[in-house]
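Undergrad: no FASTA, just this:
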């Protein structure tokens, strides 16, 4: 064991152990707390790791900046540092251990850099003041309960690099209102967003093939959801007790589902596209009706053309379903841009071109938002 003194201006002291490669791991902190900086070197040796339990339950820490030489944050490294409000994680860190920042009640925000591949089990569990968590595209594994009980977390994006998301990863995040699951993610873990009853906006990328058991159980503020065509399986209880869920829009064929998938929801309807298959079996399995989702652009009549110096047309279809209007100038290699997201109130909506009165060779389509 080596007792190491950091620069005098920092006024911090660390107990360290020397690793086999002649680098250092911080094993304990004995300084006065407050805002501390973990240095790159102590003497001639480089600090590469923050060891297990190194700062565990030190209530007088308020801010920690970690040097760019550190690659690993150990298990329970800052567990229950309840006055810690700010942590700076450099883009040298590749692993955040189990319970590394668990129960850090005052931690308000965290940015996890692209260098990190693994966020451990319970890594930010019960960080009750956490409102913002940025997870960079590079993280491949989010451990079980990683952000569970972070009940002030309002929005989260799961990057496409994530290949594994543990059970209950965002369990009981009551403040979570927006979730984006980015392209590249293939599976949503069991109970991943269990009891996130403030969730109102959910975006699932067209790469997800499986939605796990109980994934969105009791997300009672969720009113509608779009399931991409890549999804082939939706687990038991996945949307159970989503009591405000009335519309589920499917962009592909019917996935495998169960009687409990939408159980206890309030009269939901599944909407599917022309030529999609398997919907009678889906209705039999889930007990919810499946009807054709058929918004149509009215290409003629008095509502088609230039009106009030703006080009527009009427869209009709099933009442109250959300739609997105997109435009492109090239159908052969189309790049579609979003123009508006609306709901077909009373079964119709008049679209007005937001940019120009008329665009030569401009094409429009309507799809699920």
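TA: That came through, no problem. None of the values given here were measured: they were computed from a predicted structure.
Undergrad: use CA for all of it now, contacts and neighbours both
TA: Fine.
Undergrad: let me see the confidence value for residue 14.
TA: pLDDT recorded at residue 14 is 92.
Undergrad: let me know the secondary structure of it.
TA: Using DSSP: H, G, I helix; E, B strand; the rest coil, the secondary structure recorded for residue 14 is strand.
Undergrad: list the contacts of the nearest residue to it once chain neighbours are set aside.
TA: Closest residue to residue 14 apart from its sequence neighbours, by Cα to Cα, 6 or more residues apart in numbering: residue 29 at 4.6 Å. Neighbour list for residue 29: 12-15, 54-55 [criterion: Cα atoms under 8 Å, 6 or more residues apart in numbering].
Undergrad: now, of those, which are buried?
TA: 12-15, 54-55 (16 or more other Cα atoms under 10 Å).
Undergrad: how's the chain carved up into domains?
TA: Domains of the chain are assigned by automatic domain parsing as 154-293, 296-367.
Undergrad: buried deepest among these, which one?
TA: Mean neighbours per residue, mean count of other Cα atoms under 10 Å, is largest over these for domain 154-293, with a mean of 21.
Undergrad: right, and residue 160 touches residue 181 too?
TA: Yes: between residue 160 and residue 181 there is a contact at 7.4 Å, judged by Cα atoms under 8 Å.
Undergrad: so residue 75 sits against residue 119, correct?
TA: No: counting by Cα under 8 Å, residue 75 sits too far from residue 119 to count as a contact (10.7 Å).
Undergrad: between those two, which contacts overlap?
TA: In contact with both residue 75 and residue 119: 96-98, using Cα under 8 Å, 6+ apart.
Undergrad: okay if I get these as a markdown table plus distance to residue 354, pLDDT and neighbour count?
TA: Below are the shared contacts of residue 75 and residue 119 laid out as a markdown table (distance: Cα to Cα, whole Å; pLDDT from 0 to 100; neighbours: other Cα atoms under 10 Å):
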| residue | distance to residue 354 | pLDDT | neighbour count |
| --- | --- | --- | --- |
| 96 | 46 | 98 | 27 |
| 97 | 49 | 98 | 24 |
| 98 | 50 | 98 | 26 |
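Undergrad: going by mean pLDDT, which of the domains of the chain comes out lowest?
TA: Taking the mean pLDDT of those, domain 296-367 comes last: a mean of 83.
Undergrad: tell me the two of the buried ones among the contacts of residue 29 that are most distant?
TA: For the buried ones among the contacts of residue 29, the farthest-apart pair by Cα to Cα is 12 and 54; their separation is 13.4 Å.
Undergrad: one step back: pipe the domains of the chain into JSON lines and attach distance to residue 135 per row.
TA: JSON lines is the format used below for the domains of the chain (distance: least, Cα to Cα, whole Å):
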{"stretch": "domain 154-293", "distance to residue 135": "7"}
{"stretch": "domain 296-367", "distance to residue 135": "25"}
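Undergrad: would you map the helices across the stretch 251-369 of the chain?
TA: Using DSSP state H, counting those that start in this stretch, the helices of the stretch 251-369 of the chain run over 279-286.
Undergrad: all the strands of it, residue numbers only.
TA: Using DSSP state E, counting those that start in this stretch, the strands found in the stretch 251-369 of the chain span residues 269-272, 290-292, 296-298, 305-307, 310-316, 322-328, 337-343, 348-352, 363-367.
Undergrad: show me how far the second one is from its chain's centre.
TA: When you say that, I think you mean strand 290-292. Offset of strand 290-292 from its chain centre (Cα atoms, centre = their mean, to the nearest Å): 29 Å.
Undergrad: packing partners of that strand?
TA: strand 269-272, helix 279-286 (3 or more Cα pairs under 8 Å, 6 or more residues apart in numbering; DSSP states H and E).
Undergrad: so what does the last one touch, helix or strand wise?
TA: Contact partners of helix 279-286 among helices and strands, from 3+ Cα pairs under 8 Å, 6+ apart: strand 290-292.
Undergrad: if we can go back for a sec, and which of the shared contacts of residue 75 and residue 119 is nearest residue 170?
TA: Using Cα to Cα, the shared contacts of residue 75 and residue 119 come closest to residue 170 at residue 98, 15.0 Å.
Undergrad: surely that closest one meets residue 125?
TA: No: with contacts counted by Cα under 8 Å, residue 98 stays clear of residue 125, the gap being 9.6 Å.
Undergrad: correct me, but residue 89 touches residue 113?
TA: Yes: counting by Cα under 8 Å, residue 89 does reach residue 113; the two are 7.2 Å apart.
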